[in-house]
Each structure stands twice: as structure tokens, then as C-alpha cells.
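K.L.:
here's a sequence, model it:
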Amino acid sequence: MYGPGDVRVVDAPEPRIEQPTDAVLRTVVACVCGSDLHPYHSMNPSEKGRSMGHEMVGVVEEVGAEVRTVSPGDVVIVPFVFSCGECEFCRAGLQTSCVHAGTTKPTGAGGAQAERRRAPFADGTLYRVDVAEDDERMPGLLTLSDVYGTGWHAAVTGGAAPGKDVVVIGDGAVGLLAVLSARQLGAERIILMGRHEARTDLGRRYGATDVVAERGDDGVAAVRELTGGLGAHVVIDAVGHLPAYEQALGAVRAGGTVTRVGVPQYADAPLQRVQFEKNITVTGGVAPVRAYIDRLLPGVLDGTVDPGAVFDRELGLGEAADGYRLMDDRAALKVMLRP
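P.N.:
Purely as a prediction, here's the structure:
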């Protein structure tokens with residue numbers, strides 16, 4: 001990406017092993033994420049450009065001398081954050097805070113929207129799956145690199161459970177998979193706030209009991225009417241813009257939880273006396289999806305769940321710019337890319 005709306009497919013140097021803990025991967029499937037649209041709107045123009053994409057399933061082509069858990073030929077899910085697997089945070093299941101990689105330490109790996117990619121910390125990051133690279137479940141496996149794990153993170157940190165009312169703000173892929181996750185965790189009433197019928201229809205398939213199309217104060221009023229005037233126990237912000245967060249604070253009940261998994265597009269947000277007086281918890285954050293794959297993978301493999309249904313368009317990697325445009329125009333929910 002070279003600037004707002006400027007996505008190009010260009011030749012790049014072949015990735016190579018740089019550290020003994022590296023692997024080189026060939027991409028099987030990648031995709032465009034809703035968070036990729038933020039720089040698509042606001043990135044500062046760059047002559048060098050930025051390698052894009054963070055979700056992929058790949059095949060291991062080469063490994064460094066110290067890699068032990070994957071071998072050439074293995075199909076692997078690639079979580080969107082690299083992690084060493086050995087530090088205190090990785091051992092605690094918070095790989096996004098890995099002291100050697102995570103969200104704050106640049107790895108120079110390059111983006112996933114590419115034919116090949118270097119994977120640092122292969123042992124701590126890559127998750128081997130015993131499938132062929134042409135497996136029909138590949139879309140579902142791809143969601144485990146980010147959006148399904150992020151939706152699950154939202155539902156888990158929010159405390160979705162039997163007897164809880166859950167509101168999900170946003171009908172993008174993460175919001176829809178937060179609905180699916182809340183249903184898996186036993187939530188009985190799940191209110192999806194979205195206004196795109198094809199998406200909210202999928203949300204109902206995933207377990208939404210109600211759909212609220214209104215936004216702002218009208219949306220908050222609709223949620224409160226559905227919850228006996230009290231608000232919801234759990235409100236998930238799967239958007240990341242300030243109005244969605246403010247809407248979440250308005251829709252949560254006293255003693256409830258607001259969980260944010262949409263990447264915040266604001267520097268400051270309200271957390272005021274009214275939230276203090278109502279004992280509201282605000283949580284969420286960057287999802288450590290590597291920690292959730294063990295729990296979520298079996299349902300994908302046995303067909304119990306179908307998170308891959310969020311992919312409604314498939315394009316060749318060379319058509320990536322069209323994928324961005326389709327998602328930005330809301331003509332596609334989520335675009336999968338194949339080299």
C-alpha cells in the first residue's frame with residue numbers, strides 16, 4: 001500500500017532464512033482484513049510502500065536450524081502476531097505481549113498478502129494442521145489466524161455465558177464471529193447491531209436472536225427495550241470507532257462489561273463517573289489467537305461450526321486492489337486471496 005486507496009501488487013525479494021528460528025512459507029490462502037481498511041483510508045503516502053496483510057495459511061518450504069515443531073511440507077495456520085512461545089507472556093497465553101515479538105517488536109516478516117513470507121519464531125507461532133493445501137475447509141482454517149480467534153476473545157473477555165444478554169456492535173467478520181462465539185459459550189440472547197441485511201442474516205445463522213439496525217441513542221434505546229430497560233450484561237465493540245464505543249457504554253447494564261476488539265481509531269475515550277458509579281468493566285484488546293486455536297480448531301475440522309462463511313468473495317492475489325475496493329464499498333464482507 002502506497003497511500004490512501006493505492007494498493008499495488010509488485011515484485012519483492014524472495015524471503016529467506018535470517019535467523020535459525022525462522023521458517024519460509026508459501027501462501028495457500030490470505031485475505032483482506034477490516035483493519036486493513038484503516039490505512040486504506042488514512043495512510044500517509046509512502047514511496048516505498050507498506051507490505052500488507054496479516055492473515056494466512058501457508059505451507060512450510062524451509063526451516064532454520066533450530067526449528068523443531070514444523071517441517072517442509074507442513075500446512076500451518078499463521079496467527080497474525082508472531083510470538084516466541086517461551087517468554088512469560090507466551091506461557092500465560094498472551095502471545096500478543098511476547099517480549100521478543102508480539103505487537104510492539106518489529107520482526108521484518110513482511111505482509112501475508114504475498115506469494116511467500118518469512119515467519120520468525122516458527123516454533124512459537126506456527127500451528128501445524130494435518131490437512132492438504134486444497135482442503136475445502138481452508139476458509140475456516142484461515143479465520144483461525146485472526147477473525148475467529150478475535151471474535152472468541154471478545155466473547156471470553158466479556159464473559160458471555162448462559163443467562164447473559166450479549167450485544168455485538170458491528171456486522172463485519174469479527175462481529176459476526178463474536179456472535180458465533182457468544183452462542184458457543186451459552187449466551188441465550190445475542191443482539192447484533194448492524195444494518196447490512198446479508199451480514200445480519202449470517203449473524204442470525206450464527207446465533208443472533210435479535211438485530212438492531214439503529215445507531216447512537218436510537219440504537220441504545222432499542223437495546224434497552226429488548227433487555228427490560230436494564231441494558232446488556234456484555235457489549236462487544238467490534239468496530240473500533242469512537243461512536244461505537246460510546247454506544248457500547250450506553251447499552252451496557254450496571255455491573256456489565258464492555259469489551260473492545262475493534263482496533264481503536266481514536267486516542268482518547270470516555271471512562272467517566274457514570275461508568276464508575278455503575279461498576280462497568282472495560283476490557284478487551286488485541287486477541288492472542290495462538291492461544292485459542294486448540295479450542296476452536298476441532299469445530300472447524302468436524303464441521304460443527306462454519307466460520308469460513310464470512311468469506312463471500314475469492315480473488316487471485318493479483319486482484320488484491322479489487323478486494324480492498326469491494327470491502328471498502330461494502331460490496332463484500334471479507335475477501336479471500338489465493339496466489
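K.L.:
count the neighbours of A114 for me.
P.N.:
23 (other CB atoms under 10 Å). C-betas here are computed from N, CA, C, even on glycine.
K.L.:
surely it and G53 touch.
P.N.:
Yes. The pair A114 / G53 is scored as a contact, 7.1 Å apart, by CB atoms under 8 Å.
K.L.:
okay, domains of this protein per the record?
P.N.:
By the assignment in automatic domain parsing, the chain contains the domains 23-146+288-338, 151-284.
K.L.:
which one of those is the most hemmed in?
P.N.:
Comparing these by mean neighbour count (mean count of other CB atoms under 10 Å), domain 151-284 ranks first with a mean of 21.
K.L.:
R118 versus V63, what's the distance?
P.N.:
Here the criterion is CB to CB, to the nearest Å. By it, V63 lies 11 Å from R118.
K.L.:
if we can go back for a sec, export the domains of the chain as CSV, with columns for distance to P13 and mean pLDDT.
P.N.:
Output for the domains of the chain, formatted as CSV (distance: least, CB to CB, whole Å; pLDDT from 0 to 100):
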stretch, distance to P13, mean pLDDT
domain 23-146+288-338, 9, 96
domain 151-284, 29, 95
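K.L.:
any chance of JSON lines for those, columns distance to P4?
P.N.:
Putting the domains of the chain into JSON lines (distance: least, CB to CB, whole Å) gives the following:
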{"stretch": "domain 23-146+288-338", "distance to P4": "6"}
{"stretch": "domain 151-284", "distance to P4": "14"}
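K.L.:
what sits in contact with each of V63 and R118?
P.N.:
Common neighbours of V63 and R118 are listed as 17, 22-24 (criterion: CB atoms under 8 Å, 6 or more residues apart in numbering).
K.L.:
which of those residues fall within strands?
P.N.:
Among those, the residues falling in strands (DSSP state E) are 23-24.
K.L.:
A309: which of the shared contacts of V63 and R118 is nearest?
P.N.:
A23 (29.8 Å; CB to CB).
K.L.:
show me the beta-bridge partners of that closest one.
P.N.:
Per DSSP bridges, the residues bridged to A23 are V63, A119.
K.L.:
so it makes contact with F121?
P.N.:
No. In this structure, A23 is not within contact of F121 by CB under 8 Å, at 9.2 Å.
K.L.:
from V274, how far off is the closest residue to L315 other than its chain neighbours?
P.N.:
Nearest residue to L315 in three dimensions, chain neighbours excluded: G323, at 5.1 Å (CB to CB, 6 or more residues apart in numbering). Distance of G323 to V274, given as CB to CB: 41 Å.
K.L.:
much appreciated, bye for now.
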